[in-house]
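compute the structure for the input listed below.
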Amino acid sequence: MTREQLETRQIPIYFAVVLAAVTFGLLASDTARLLQAVITPAIAVLMYAMFLQIPFLDLRQGLGNRRFIAALLLANFLLVPLLVWAITRGLGDHPAILVGALLVLLTPCIDYVVVFTHIGKGDARLTLAATPVLLLAQLALLPLYLALMLGDNVPLAITPFVEAFVLLIVLPLALAVLTSAGARRSRRVSAWNSAWAWLPVPAMALVLMVVIASQITVVFDDFERLLPVIPVYLGFMFAAPLLGMLAARLLRLPASEARAVTFSAATRNSLVVLPLALALPDEVRGLAAAAVITQTLVELLSELVYVRVVPRLVR
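Residues are numbered from 1 along each chain as shown. Below you'll find the model as predicted:
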């Protein structure tokens, strides 16, 4: 199998992994829970593999499309947060679910959104180039949004968040930039870089496996308590793409770029924020993590709709 063939088969691979993870997590729950210890290292490896695909040393050219970047920022950090604030007001009596929903819905995806954008006939190259911008913006704005929308409902400690961001984002990002710089001077580093180009798909599959297998029993055990968040996720599923389309229309983007903004607005950073949910206080940790995983399952099904509908709506 070539690398191109592997990449074109990502979606069936991911869904097969999700089904296997759910089955394993339910049938061997005690063993599956042990995989929770692997979540953070697995996500760090995924982030390093993904960051290596970003041409950091040539970002000026990739980020030269100011209207696209403006539409991306407008959709993800103004329109979507307003939507999230509106649709989560009914979760005030469920603080654990509220914090989990806010964590996942306020952070735009920086990994498999590139895959779905490509399949949905959007400009995946621009999406990939804009990843550092999305990353830095959500790092800066997430604490502010949480403070505004949570109030005093959930006491949050800043230290676990800082540790998770350093391990999952800052460290892999720094290593990827150093690797990219070294690849221009060393054949060995260049060969290392080329080998890692094969790993984003296997790394994503590994993350889906360990995350879902280790947490799926929590979702099933607490499913009745999670019911209030299901309408929130369904509402987001329908409304977020429309906000992406609105931002693209306001900035007068061509179709492929407009589709990319639409997918970005609708796709969330669930895998990366899960360790943040697991770092919450004991009284909210389990249910908040289950809320994050529930969003992942809803979103993966939503993406099957998006890849067919978005190219027809955005022309």
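
which residue ranges form the helices in the stretch 151-300 of the chain?
Assigned by DSSP state H, counting those that start in this stretch, the helices in the stretch 151-300 of the chain fall at 158-165, 171-183, 187-196, 200-221, 223-226, 229-250, 255-266, 270-278, 282-313.

buried ones in the longest one?
What that stands for is helix 282-313. Buried positions in helix 282-313, judged by neighbour count with 16 or more other CB atoms under 10 Å: 284-300, 302-303, 306-307, 310-311. Every C-beta, even on glycine, is put in place using the N, C-alpha and C of the backbone.

wait, what's in contact with the closest residue to residue 293 other than its chain neighbours?
In space, residue 293 comes closest to residue 215 once its chain neighbours are excluded; the distance is 4.7 Å by CB to CB, 6 or more residues apart in numbering. Counting by CB atoms under 8 Å, 6 or more residues apart in numbering, residue 215 touches 25, 36, 274, 289, 290, 293.

looking at those residues, which is nearest residue 169?
residue 274 (13.3 Å; CB to CB).

low pLDDT regions in the stretch 1-150 of the chain?
Applying pLDDT under 70 to the stretch 1-150 of the chain picks out residues 55-63.

just give me the neighbour total for the residue lying closest to residue 105 once chain neighbours are set aside.
Spatial nearest neighbour of residue 105, excluding adjacent residues (CB to CB, 6+ apart): residue 84 at 4.6 Å. Counted with other CB atoms under 10 Å, the neighbours of residue 84 add up to 22.

right, and residue 84 touches residue 103 too?
No: contact status for residue 84 versus residue 103: not in contact, 10.5 Å apart, counting by CB atoms under 8 Å.

thinking again about what came up before, of the helices of the stretch 151-300 of the chain, flag the one that's most buried.
Comparing the helices of the stretch 151-300 of the chain by mean neighbour count (mean count of other CB atoms under 10 Å), helix 255-266 ranks first with a mean of 27.

for that one, name the packing helices and strands.
In terms of contacts (3 or more CB pairs under 8 Å, 6 or more residues apart in numbering; DSSP states H and E), helix 255-266 is packed against helix 66-74, helix 113-119, helix 124-129, helix 229-250, helix 282-313.

list phi and psi for residue 108.
Dihedral angles of residue 108 (phi, psi; degrees, to the nearest 10) stand at phi -70, psi 140.

repeat that for residue 122.
Backbone geometry at residue 122, expressed as degrees, to the nearest 10, gives phi -100, psi 170.

quick one, what contacts it?
Listed by CB under 8 Å, 6+ apart, the contact set of residue 122 reads 256, 257, 258, 259, 260, 262, 263, 310.

report pLDDT for the last one.
Residue 310 carries a pLDDT value of 94.

try the fifth one
Taken from the predicted model, the pLDDT recorded for residue 260 is 96.

which ones are touching it?
Counting by CB under 8 Å, 6+ apart, residue 260 has contacts 68, 72, 117, 122, 123, 124, 126, 127.

next one: the nearest residue to residue 240 once chain neighbours are set aside from residue 310, what distance?
Spatial nearest neighbour of residue 240, excluding adjacent residues (CB to CB, 6+ apart): residue 266 at 4.4 Å. Per CB to CB, to the nearest Å, residue 266 is found 8 Å from residue 310.

between the two, which contacts overlap?
residue 241.

related to what we said a few turns ago, turn the helices and strands packed on helix 255-266 into a markdown table, columns for distance to residue 147.
Output for these, formatted as a markdown table (distance: least, CB to CB, whole Å):
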| stretch | distance to residue 147 |
| --- | --- |
| helix 66-74 | 20 |
| helix 113-119 | 26 |
| helix 124-129 | 29 |
| helix 229-250 | 20 |
| helix 282-313 | 16 |
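
relative to residue 171, which of these is closest?
Residue 171 lies closest to helix 124-129 among the helices and strands packed on helix 255-266, at 20.2 Å (CB to CB).

distance between that closest one and the chain's centre?
15 Å (CA atoms, centre = their mean, to the nearest Å).
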